[in-house]
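> Quick one: sequence and predicted model below, then my questions.
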Amino acid sequence: MKEKLSITIVQSHLHWENPIANRAQFTEIIDKLKGPTDVLVLPEMFTTGFTMNAVSLAETMDGPTVLWMQQMATIYNLAVTGSVIISENGHYYNRLFFVFPNGDYTTYDKRHTFTLAGEHKTYTAGDDRIMVLYKGWKLCPLICYDLRFPVWARNTVDYDVLLYTANWPNKRIAAWDALLKARAIENMSYCIGVNRVGLDGNGHEYTGHSAVYDVLGEQVSTKDFEKEFVDTIILNKDHIRKNRRYLQFLQDQDAFSLE
């Protein structure tokens, strides 16, 4: 078990509906990483931007982007995560992959599809939350709009890191900032949000604000976060233990179930 886990967040523009250009862009970014890292986090739909054009852009589970993620993970000895448009069994999914350094992976399908953009009309929502066990850490990866639903992120399993990959527009960026901080505080976990910058093909502006918050809601990543950047943050397991032991907020939370 590692007491410290290094997380590299990548905030970048995305080439609209151009997987080849986006894979090339992120290959260059990964190749220029300064020093080793345990986990590399990319934005939501990092090969295409947040598009409803799944018919033309969806890939299969053995398609070029999954293969690329496996190659990056094994070549650079790190875990890679981000979401991709996937076609499977006659359905389209906004699917997050967490690819381990040996090339194995686990997946999460976005639970809360963004109705305002009509995502629910194109993509099938997922049913299950996943927990990723990696180097002695427990990570809960979610996608963008999931951030607005605290019950879905509720920490009843003692995860260490809550992770959101997103395409969150500038017009609602204040909500992004507030909710990321709130999720960290209420779940007493590190909370990571990775967003994009630039304009997409629909004219929506993105200003990033990718950030890492500790269990007390303190931002521990770069504060100059409206431009493209790559930032590596060291998470400390002792920070989690000490604060949970002292504050005991998770032990006092209400017990309930959803039907």
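Arrived safely.

> now the strands: where do they sit in the stretch 51-200 of the chain?
Counting by DSSP state E, counting those that start in this stretch, residue ranges of the strands within the stretch 51-200 of the chain are 79-88, 91-99, 105-109, 132-134, 137-143, 161-165, 190-194, 197-199.

> and among these, the most buried is which?
For the strands of the stretch 51-200 of the chain, average neighbour numbers computed from mean count of other Cβ atoms under 10 Å are highest in strand 190-194, which has a mean of 28. From N, CA and C alone the C-beta is placed, and that goes for glycine too.

> can you list contacts of that one?
By Cβ atoms under 8 Å, 6 or more residues apart in numbering, the list of residues contacting strand 190-194 from outside reads 7, 9-11, 41-43, 82, 147, 160-166, 168, 176, 180-181, 183-184, 209-215, 235, 240.

> again, only using 7 Å
Residues outside strand 190-194 that contact it (Cβ atoms under 7 Å, 6 or more residues apart in numbering) are 7, 9-11, 41-43, 160-166, 176, 180, 183-184, 210-215, 235.

> Inside helices: which ones of those?
When those are checked against helices (DSSP state H), the matches are Trp176, Leu180, Arg183, Ala184.

> Could you pick out the buried ones from the contacts of strand 190-194?
Of the members of those, the ones counted as buried by neighbours, 16 or more other Cβ atoms under 10 Å, are 7, 9-11, 41-43, 160-166, 176, 180, 183-184, 210-215, 235.

> Include mean pLDDT and distance to Asp254 when you put the strands of the stretch 51-200 of the chain into CSV, please.
Shown next, in CSV, are these (pLDDT from 0 to 100; distance: least, Cβ to Cβ, whole Å):
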stretch, mean pLDDT, distance to Asp254
strand 79-88, 98, 31
strand 91-99, 98, 28
strand 105-109, 98, 26
strand 132-134, 98, 26
strand 137-143, 98, 19
strand 161-165, 98, 19
strand 190-194, 98, 20
strand 197-199, 97, 38
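
> so which of the ones you listed comes closest to Thr115?
Judged by Cβ to Cβ, the one of these that comes nearest to Thr115 is strand 91-99, at 13.2 Å.

> partners of the closest one in the sheet?
The strands that strand 91-99 pairs with in its sheet are strand 79-88 (antiparallel), strand 105-109 (antiparallel) (by DSSP bridges).

> Out of these, which gets nearest to Glu205?
strand 79-88 (20.3 Å).

> Report the angle between that closest one and strand 190-194.
If you take axes from the mean of the first three to the mean of the last three Cα atoms, to 10 degrees, strand 79-88 sits at 60 degrees to strand 190-194.

> how far out from the middle of the chain is strand 79-88?
Here the centre of strand 79-88 is set off from its chain's centre by 11 Å, with Cα atoms, centre = their mean, to the nearest Å.

> ok, residues contacting it?
Residues outside strand 79-88 that contact it (Cβ under 7 Å, 6+ apart) are 38-48, 54, 57-61, 65, 69, 72-73, 92-101, 134, 141, 143, 165.

> now could you export just the CA positions of that strand as PDB?
Listed next in PDB are the C-alpha coordinates belonging to strand 79-88 (Å, rounded to 0.1, in the frame of the first residue of the first chain):
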ATOM      1  CA  ALA A  79      -3.000   4.500 -14.700                       C
ATOM      2  CA  VAL A  80      -5.000   6.500 -17.200                       C
ATOM      3  CA  THR A  81      -8.600   7.500 -16.800                       C
ATOM      4  CA  GLY A  82     -11.100   9.500 -18.900                       C
ATOM      5  CA  SER A  83     -14.400   8.900 -20.700                       C
ATOM      6  CA  VAL A  84     -15.000   7.800 -24.300                       C
ATOM      7  CA  ILE A  85     -18.100   7.300 -26.500                       C
ATOM      8  CA  ILE A  86     -18.700   3.600 -26.700                       C
ATOM      9  CA  SER A  87     -21.100   1.500 -28.800                       C
ATOM     10  CA  GLU A  88     -22.100  -1.800 -27.300                       C
END
